[in-house]
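Visitor: how does the following fold in three dimensions:
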Amino acid sequence: MRPLRVLTWHVHGNYLLYLAHAKVEFVLPVDPARGPGYGGRGTTFPFGANVVDVPAGEIAKESIDCILFQTRQNWERDQHEILSPAQRRLPRIYLQHDPPWNEPTEERHWSDDPDGLLVHVTPFNALMWNSGRTPARVIEHGVHVSSSARFTGELPRGIAIVNHLKQRGRRVGDDIFFQLRERAPLDLVGMDTEAVGGIGEVFPPMLPQFISQYRFCFSPMRWTSLGLALIEAMMIGLPIVGLATTELVTVIQNGVSGYLDTDPERLVKPMRALLGNLEEARRLGENARRYALERFGIARFAKDWDATFSEVAGRRSNQSPVVRVREAL
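Guide: From the prediction side, this is the model:
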């Protein structure tokens, strides 16, 4: 039996790379302008043969089993521009990567599709979104990093990984990063970070190896989803220091795998302690790594998605079914 063919857009490269561990074929629309979502496989990520490019103008002729939406543009505009009427009636999933941006408790999700499925990437996001009439569930992240990337910690500095820190502002904790950078040595990597004295973007496949030299990973985020880069840091054995907000509070245990607090000033002491004690940083990092492997392993992630695609597309699966975590709120 041929694998299911799932049409989706290239929105979050790292997520798509991990999602491609599922046993389906992903069809990516491509246009010459390489507009948002239409860049196809590209050259940044090492996708396997199950990720294929198809010209956007040819998508309507493709045999597709399921549509995976990932942005509001995909839902409200893209599907009407590139899909045939029959394809728009196919089984469909909306993958919601983020918590609600406008209203943290009342915002209703725009897909509002009783015949579809809304997948949240963290339980916190599912808690905060009003999923409306759309059945909803959680599939937590899955991450895989090379065995060659492991914590060394020889650089007594912390590292924060935030794209576009200056533009995104308080939501991602720009003020907190600058505040604590005055109290402890912190570096910053991510897109456009040179504008605020950061290192700049590190080629994503090389990021785990690059950050392995740091003593800890710092998350200044006030309101966000659980970042894949943070999980990658845990996977290679970095302890995590950050704000006790959103899903992160269920991931890091103080004194075991890192330190969290809602008062940024109370993070300075554990930061300095880790900078002065490599072995303690190694101990916390090993605990973080064990937890990440257990909760965010790539095999569990791929299995959950395989079962979900099979269920939504109406195909029998030899995997155990995914339990629906949250119905419409």
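Visitor: all strands for the stretch 201-329 of the chain, in order.
Guide: 214-219, 240-243, 258-261 (DSSP state E, counting those that start in this stretch).
Visitor: same for the second one, what does it pack against?
Guide: Packed against strand 240-243 by the contact rule (3 or more C-beta pairs under 8 Å, 6 or more residues apart in numbering; DSSP states H and E) you find strand 214-219, helix 228-236, strand 258-261, helix 268-275. Bear in mind the C-beta positions are built from the backbone N, C-alpha and C, glycine included.
Visitor: what lines up beside that strand in the sheet?
Guide: strand 214-219 (parallel), strand 258-261 (parallel) (DSSP bridges).
Visitor: show me where this protein has helices.
Guide: 13-19, 72-73, 79-82, 123-128, 165-168, 174-181, 207-211, 228-236, 268-275, 278-295, 298-313 (DSSP state H).
Visitor: report the buried residues of the longest one.
Guide: Neighbour counts over helix 278-295 (16 or more other C-beta atoms under 10 Å) mark 281, 282, 284, 285, 287, 288, 289, 291, 292, 295 as buried.
Visitor: wait, the second one touches residue 237, no?
Guide: In this case it means residue 282. Yes - using C-beta atoms under 8 Å, residue 282 is in contact with residue 237, at 7.2 Å.
Visitor: next, show the common contact partners of these two.
Guide: Jointly contacting residue 282 and residue 237 under the rule C-beta atoms under 8 Å, 6 or more residues apart in numbering are residue 151.
Visitor: contacting residues around the residue nearest the centre of the chain?
Guide: Nearest residue to the geometric centre of the chain (C-alpha atoms, centre = their mean): residue 228, 4.3 Å. Counting by C-beta under 8 Å, 6+ apart, residue 228 touches 12, 14, 15, 18, 141, 143.
Visitor: want to throw the residues you listed into a markdown table with pLDDT and distance to residue 28?
Guide: Shown next, in a markdown table, are these (pLDDT from 0 to 100; distance: C-beta to C-beta, whole Å):
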| residue | pLDDT | distance to residue 28 |
| --- | --- | --- |
| 12 | 96 | 13 |
| 14 | 95 | 15 |
| 15 | 98 | 13 |
| 18 | 98 | 15 |
| 141 | 98 | 21 |
| 143 | 97 | 21 |
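Visitor: looking at those, which has the most residues close by?
Guide: Neighbour counts for the contacts of residue 228, by other C-beta atoms under 10 Å, peak at residue 143, which reaches 24 neighbours.
Visitor: ok, that residue - contacts?
Guide: Residue 143 neighbours (C-beta under 8 Å, 6+ apart): 18, 228, 231, 232, 235, 292, 296, 298, 301.
Visitor: what do you get for residue 98?
Guide: By C-beta under 8 Å, 6+ apart, residue 98 lies in contact with 125, 224, 225.
Visitor: for residue 284, same thing?
Guide: 216, 239, 255, 256, 257, 258, 274.
Visitor: related to what we said a few turns ago, what about the residue nearest to the centre of the chain, distance to residue 58?
Guide: 31 Å (C-beta to C-beta, to the nearest Å).
Visitor: what do you get for residue 230?
Guide: The gap separating residue 230 from residue 58 is 38 Å, by C-beta to C-beta.
Visitor: more neighbours, the two?
Guide: Ranked by neighbour count (other C-beta under 10 Å), residue 230 and residue 58 place residue 230 first, with 27 against 11.
Visitor: grab the nearest non-local neighbour of that one.
Guide: Take residue 230 and drop its neighbours on the chain: the residue closest to it by C-beta to C-beta, 6 or more residues apart in numbering is residue 219, 5.8 Å away.
Visitor: returning to that earlier point: whichever of the contacts of residue 98 end up buried, select them in PyMOL.
Guide: Entered in PyMOL, the line below selects the buried ones among those, by 16+ other C-beta under 10 Å:
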select buried, resi 125+224+225
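Visitor: what's the closest of the contacts of residue 98 to residue 172?
Guide: residue 224 (6.3 Å; C-beta to C-beta).
Visitor: am I right that that closest one is in contact with residue 246?
Guide: Yes - counting by C-beta under 8 Å, residue 224 touches residue 246, with 6.2 Å between them.
Visitor: okay, now residue 157: neighbour count?
Guide: The local packing of residue 157 (other C-beta under 10 Å) involves 16 other residues.
Visitor: show me what contacts the nearest residue to it once chain neighbours are set aside?
Guide: In this structure, residue 157 finds its nearest non-sequential neighbour in residue 185, 4.4 Å apart by C-beta to C-beta, 6+ apart. When contacts are counted by C-beta under 8 Å, 6+ apart, residue 185 touches 156, 157, 158, 275.
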